[in-house]
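1. Pasting a predicted model and its sequence here:
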Amino acid sequence: MQPHTKRDGYIRINGVEVSAVDARFRPGNYQSLLAGARESGDAVCLCSDVGLRLSIKKRGKSLHLAAWPDQGGVHATDCPFYSGSMPGNRGVYPGSVVDGRGQAVGVPAEEPAGKSVDLWDVMHSLWACAGLNKWQSGWRRDWGLARSLLLRAAAAYECGGARIASRLYIPPVFSQEKKQAINDDWAAFTEFLMVAKDAVVAKRDSHSSGYLLGVVASIEPCSRGVLMRLQHHYSKIFVTTELFERLSRLSRRGWNQLQIQQQSKSSVIALLEISPDEEGRLTARDCVLMRVGARFIPSNFEAEDLLLSKLLEEGRSFERPLSFAQSHKQCANFVLTDTPTRKTELHLTGGGFPVHRIDAWVKERTQIASARGCNVWFWHKPEPLGVLPAANARAAS
């Protein structure tokens, strides 16, 4: 695998840099190079810092170049392979190249040595950019759509100076019909991690990790730690005992939810930074766990689940503020966006909130909401869940 350097207006075909426009629209001049690229897997657009793999297709007797499926929108807008579409429902690895049989090999994205990544910031940034913390009356959302939105958000999100999409895998909804394509995508991603690991060992690169994001399906105890598996995905990731215990403090809501997963409808989203160990086993270097309720909307505890269910049942439009950290800080639990004149912040307490502090808490949150230009509504559990503020006439119709 050759390293890539951004060079606007050019692509690399089997080791040779040529005009992107000429190769795109005059493929007859490059048949020998394209044939070689099908064997070597070296067909890369250089319009991006991360290098974007290109698809080589055969039409009649000639070979042609095209953007890799669902990656047209990731190319530079003046690139001939730009299509205006964004990543869809397949794995997107802009740092990979592909041959004509769909085999991909990843190119590790560069990151400054010693640069740490705040996974909470990454998680909340992707959720916010994807709009997964928002809901509008009449919307539908399953994992297939959520994944598509997250991939679209990842295509524009930079982490450590590189697009995170070049090192991110989000498991697609599994089906027997797509089993081979899904397995090929995962094989390409793991090969990318091995290439990156070898580059680190050879001191050609400073970072060998990738990111895995999805809904936790199971936690299985093993020697010196646990094995974590995500929904729609067969591979298990090794999490050391030390890291798993740290999650009980730094991702406590998600970690606690894993202990009662079988009795709850809530889910836990894991974002893992992973790399191969000395034996090639995929191991988590870091991890955060985010608790979510229905429609993958973040929800920290049972009272929020109940309020979220009520909002969805009544067809309300709302958003969930994100703090970009483990703590929810002074954010509202939810914010109604369909109330007349101003948004309405919804604040609630759990059943264990000290009664003697409620009045001061209400006063403080009212002042904060007013400063943000919002109305405010409160619910103190274990009191019954009250009537929500009315929606404006247009939203209710």
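-> Here it is on my side, so go on.
2. switch to C-alpha atoms for all contacts and neighbour counts from now on
-> OK.
3. Next secondary structure element downstream of the lengthiest helix in the chain?
-> Ranked by number of residues, the top helix in the chain under DSSP state H is helix 179-201. Helices and strands here follow DSSP states H and E; after helix 179-201, the next one along the chain is strand 210-222.
4. Who does whichever helix or strand comes after that following strand pair with, and is each partner parallel or antiparallel?
-> Toward the C-terminus, strand 210-222 is succeeded by strand 225-230 as the next helix or strand (DSSP H and E). Neighbouring strands of strand 225-230 in its sheet, by DSSP bridges, are strand 210-222 (antiparallel), strand 236-240 (antiparallel).
5. what are the ranges of the strands in the stretch 1-150 of the chain?
-> Secondary structure of the stretch 1-150 of the chain by DSSP state E, counting those that start in this stretch: the strands cover 10-13, 16-19, 43-45, 52-59, 62-67, 96-98, 104-106, 134-135.
6. er, the stretch 201-350 of the chain actually
-> Using DSSP E, counting those that start in this stretch, the strands of the stretch 201-350 of the chain run over 210-222, 225-230, 236-240, 267-276, 282-292, 318-319, 334-336, 344-349.
7. so which of the ones you listed comes closest to Trp186?
-> Across the strands of the stretch 201-350 of the chain, the minimum distance to Trp186, taken as Cα to Cα, is reached by strand 210-222, at 10.7 Å.
8. Pull the number of nearby residues for Glu17.
-> Applying other Cα atoms under 10 Å, we find 16 other residues in the vicinity of Glu17.
9. wait, what's in contact with it?
-> For Glu17, the contact set (Cα atoms under 8 Å, 6 or more residues apart in numbering) comprises 10-11.
10. again, only this time at 10 Å
-> Applying Cα atoms under 10 Å, 6 or more residues apart in numbering to Glu17 gives the contacts 7, 9-11, 43-46.
11. before we move on, what about Arg7?
-> Arg7 makes contacts with 17, 45-49, 51, as judged by Cα under 10 Å, 6+ apart.
12. In terms of pLDDT, where does the nearest residue to Glu158 once chain neighbours are set aside sit?
-> Among residues not flanking Glu158 along the chain, Ile164 sits closest, at 5.6 Å (Cα to Cα, 6 or more residues apart in numbering). Reading off the per-residue confidence, Ile164 sits at a pLDDT of 83.
13. Kindly report the same for Val92.
-> In the predicted model, Val92 carries a pLDDT score of 28.
14. what's the domain layout of the protein?
-> Taking automatic domain parsing as the domain assignment, the ranges for the chain are 10-106, 119-296, 302-396.
15. Let me know which of those domains is tucked in deepest.
-> Burial among the domains of the chain, expressed as mean neighbours by mean count of other Cα atoms under 10 Å, is greatest for domain 10-106, which shows a mean of 20.
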